[in-house]
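Peer 1: Just to be clear, the model below is a prediction. Sequence and coordinates:
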Amino acid sequence: MQETSSDTPLARPPYSAIAPIYDKMMSHVGYKRWAKYIGRVLKKEGFSGNGSFLDIGCGTGRFIAEMRQLGFEGDGCEPAADMLEMAQKRLPKNTFYLTGLPDLLKIPDNTYHIATCLYDTLNYLEDRDAFINSFKRVYELLAAPGIFIFDVVSPAHCKHYFQNYVDSEVVDDLYSYYRESHFDDTKGLQYNTIRVFAPEGIFEETHVQKIFQFETIKRLIKDNTGFELSGCYEDFTFDQA
């Protein structure tokens, strides 16, 4: 049977078609646990006082909302307009910027002492130049003393959990999705294809992530940026990654 035009998915940019269901897709993520852990990291590094921060790649703003419960007021930036709109609705009094790495346009320099970039956002930087330029830009916009907290996925994690991984879910009466993931170990690239079935039609997003070795990341930071690497930890611990 030939596939009809109505069955052919329309290509969409990352985090556009999935925006309406993103929070439900990420229901397994412990945002509260993440906020408490980041609070512990800040305290360990001497940033124990309440303060403002910038969350880079803020998505729908859930992490910022959890950090607010700990006394930290956060703004956010996000290159996907559909996601940013949801963040603004969640936190109408906060400032949000429609921009992403490596440029971080329109964000004023020397405004935030704390910057965070979580949930694999840095892995969307597909080459070393983009990675270096992103760190240089964050360094520029931070006020002194400043701290940048980020997380990345390791090649071992991708090979173990996302090599030929398939996932699907009926989210509610209106939406469902089907996701396929594959890790190309030779290129260090993680591919995620997500097909969304929505009232408006069928849409497909392709996400490509570059998975750097930890030692490569450390070297790029040390040799090319003004940052000093203070720690590299396993999930939710202070154990060496």
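Peer 2: Looks like it came in fine.
Peer 1: Only C-alpha atoms from now on, for both contacts and neighbour counts.
Peer 2: Noted.
Peer 1: low-scoring pLDDT stretches of this structure, where are they?
Peer 2: 1-6, 49-51 (pLDDT under 70).
Peer 1: Tell me where it has strands.
Peer 2: Along the chain, counting by DSSP state E, strands occupy 10-11, 52-56, 73-77, 96-97, 112-117, 142-150, 165-170, 176-184, 189-198, 201-210.
Peer 1: what's in contact with stretch 160-176?
Peer 2: The contact list for stretch 160-176 (CA atoms under 8 Å, 6 or more residues apart in numbering) reads 21, 24-25, 177-183, 196-199.
Peer 1: and with 6 Å instead?
Peer 2: Applying CA atoms under 6 Å, 6 or more residues apart in numbering, the contact partners of stretch 160-176 are 177-183, 196-198.
Peer 1: can you give me the end-to-end distance of stretch 226-241?
Peer 2: Length of stretch 226-241, first residue to last, CA to CA, to the nearest Å: 22 Å.
Peer 1: just stretch 20-30 next, same as before
Peer 2: Per CA to CA, the first residue of stretch 20-30 is 19 Å away from its last.
Peer 1: can you pull the contacts of residue 57?
Peer 2: Here residue 57 is in contact with 77-78 (CA under 6 Å, 6+ apart).
Peer 1: Quick check: of the contacts of stretch 160-176, which lies closest to residue 119?
Peer 2: residue 181 (16.4 Å; CA to CA).
Peer 1: ok now do the closest residue to the closest one other than its chain neighbours, which residues does it touch?
Peer 2: The shortest distance from residue 181 to any non-neighbouring residue, by CA to CA, 6 or more residues apart in numbering, is to residue 192 (4.4 Å). Residue 192 is in contact with 180-181, 206-207, counting by CA under 6 Å, 6+ apart.
Peer 1: For these, pick the one with the most neighbours.
Peer 2: When neighbours are counted by other CA atoms under 10 Å, residue 181 leads those with 20 neighbours.
Peer 1: Kindly state the beta-bridge partners for it.
Peer 2: Counting by DSSP bridges, residue 181 forms beta bridges with residue 165, residue 192.
Peer 1: Tell me who's in contact with it.
Peer 2: Counting by CA under 6 Å, 6+ apart, residue 181 makes contact with 162, 164-165, 191-192.
Peer 1: wait, which of these is closest to residue 98?
Peer 2: residue 192 (23.4 Å).
Peer 1: quick one: the helices in the chain?
Peer 2: 22-25, 31-44, 62-69, 81-90, 128-141, 155-161, 214-224 (DSSP state H).
Peer 1: tell me the centre residue of this protein?
Peer 2: Centroid-nearest residue in the chain, with CA atoms, centre = their mean: residue 121, separated by 3.0 Å.
Peer 1: if we can go back for a sec, with distance to residue 59 added, can I get the contacts of residue 181 in JSON lines?
Peer 2: Rendered in JSON lines, the data for those read as follows (distance: CA to CA, whole Å):
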{"residue": "162", "distance to residue 59": "22"}
{"residue": "164", "distance to residue 59": "26"}
{"residue": "165", "distance to residue 59": "23"}
{"residue": "191", "distance to residue 59": "20"}
{"residue": "192", "distance to residue 59": "17"}
